[in-house]
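Colleague: Coordinates only, no sequence provided:
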DNA sequence: GGAAGTC
DNA sequence: GACTTCCAACGCTTC
DNA sequence: GAAGCG
């Protein structure tokens, strides 16, 4: 279920060599010694040194279960990949609404904001898909045609997030600075080239090992508990429902009309 | 966890 | 030989 | 414009 959501996307390894609670580090350039049967994409990324330079890296592509197993064996727990695929790196497959509760609110409020996001997207005629992200957060994905740029998707999510924050100021915010933030952050800034998201069905390195779990929208309601989605529970869900995120990979929607309606 | 750089 | 460091980087605010 | 930060 997991592999299709990683297929052909530059994969950023997040390794926990000392286990889920030890020090972790990111590694986007394929380590030497990675077997040749794991394909790579030669891509250019910006480095963080003072004069921002571009450098070429070999990004691993987790395209089958054996590659996924190899990553797990390298200490990867959450599986992080780009929003776009290697054949069109600058065209993301979806817009992400990353919902992150501040310390003053919890999952209950996050669920409510997720419903507001869906409501707004429904009004724009856009189908969306929800999953738990970590212990407290939610991800709402809007699959799109590969015609829009990351700049398009970021501006779109900014507009939608801003509208929701203004409509529900007690509950939702776009305030970046943590000190001034109250309520659930709708983080539009997570839409950008080179940014990654923990995929559907990723296990999180947290107590209880919760899984980022695709949900039916009718499950997104008061009382939903993200901690209930343990690995065995999610395996049962997959057996019962199949991949609730299949639509993310198959739905193609145009943002233009929605953007126009907002302009 | 492992390579590479520093003493 | 032992110890340390490196394995990412966006776009906002701030100075 | 560089640096700090979530």
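Modeller: Sure thing, it's come through. Bear in mind the structure is a predicted one, so any value in this text is a computation, not a measurement.
Colleague: what does chain A have sitting close to DNA strand D?
Modeller: Within chain A, the residues that sit near DNA strand D (CB under 7 Å from any atom of the strand) are A:50, A:176, A:177, A:178, A:189. For every residue, glycine as well, the C-beta is placed using N, CA and C.
Colleague: Now secondary structure and neighbour count too, for these, in a markdown table please.
Modeller: Output for those, formatted as a markdown table (DSSP: H, G, I helix; E, B strand; the rest coil; neighbours: other CB atoms under 10 Å):
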| residue | secondary structure | neighbour count |
| --- | --- | --- |
| A:50 | coil | 6 |
| A:176 | coil | 11 |
| A:177 | coil | 6 |
| A:178 | helix | 9 |
| A:189 | helix | 14 |
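Colleague: of all the residues you listed, which two lie farthest apart?
Modeller: A:50 and A:178 (26.4 Å; CB to CB).
Colleague: tell me which parts of chain A are close to DNA strand B?
Modeller: A:15, A:17, A:18, A:23, A:25, A:27, A:32, A:33, A:75.
Colleague: ok, now with 10 Å
Modeller: Contact residues (CB under 10 Å from any atom of the strand) of chain A with DNA strand B: A:13, A:15-19, A:22-25, A:27, A:31-33, A:73-75.
Colleague: Mind checking which of those are buried?
Modeller: Buried members of those, scored by 16 or more other CB atoms under 10 Å, are A:13, A:15, A:16, A:24, A:27, A:75.
Colleague: Among those residues, find the lowest-pLDDT one for me.
Modeller: On pLDDT alone, residue A:24 ranks lowest of those, at 87.
Colleague: residue contacts, the residue lying closest to that residue once chain neighbours are set aside?
Modeller: Spatial nearest neighbour of residue A:24, excluding adjacent residues (CB to CB, 6 or more residues apart in numbering): residue A:16 at 4.7 Å. By CB atoms under 8 Å, 6 or more residues apart in numbering, the residues touching residue A:16 are A:22, A:23, A:24, A:75, A:76, A:77, A:205.
Colleague: Going by proximity to DNA strand D, name the top residue of chain A.
Modeller: residue A:178 (4.2 Å; CB to the nearest atom of the strand).
Colleague: Against residue A:169, how distant is that residue?
Modeller: 18 Å (CB to CB, to the nearest Å).
Colleague: hmm, back to that, next step: the buried ones among the residues of chain A next to DNA strand B restricted to strands.
Modeller: The strands, defined by DSSP state E, take in A:13, A:15, A:27 from these.
Colleague: Can you give me every residue that contacts the closest residue to the last one other than its chain neighbours?
Modeller: Nearest non-adjacent residue to residue A:27, counting by CB to CB, 6+ apart: residue A:13, 4.3 Å away. Neighbour list for residue A:13: A:26, A:27, A:28, A:31, A:60, A:71, A:74, A:76, A:80 [criterion: CB under 8 Å, 6+ apart].
Colleague: is it true that the second one touches residue A:17?
Modeller: No: taking CB atoms under 8 Å as the contact criterion, residue A:27 and residue A:17 are not neighbours in contact, 10.7 Å apart.
Colleague: hmm, which two among the buried ones among the residues of chain A next to DNA strand B are most spread apart?
Modeller: Farthest-apart pair in those is A:16 and A:27; separation 11.5 Å (CB to CB).
Colleague: So for these two, which residues contact both of them?
Modeller: With CB under 8 Å, 6+ apart, residue A:16 and residue A:27 have no common neighbours.
Colleague: ok, then the element right after the strand or helix carrying residue A:159?
Modeller: Secondary structure from DSSP states H and E places residue A:159 in helix A:150-167. The helix or strand immediately downstream of helix A:150-167 is strand A:172-173, counting by DSSP H and E.
Colleague: got a list of what the residue in chain A that DNA strand B sits nearest to touches?
Modeller: The nearest approach of chain A to DNA strand B comes at residue A:17, 3.4 Å away (CB to the nearest atom of the strand). The neighbourhood of residue A:17, defined by CB under 8 Å, 6+ apart, consists of A:23, A:75.
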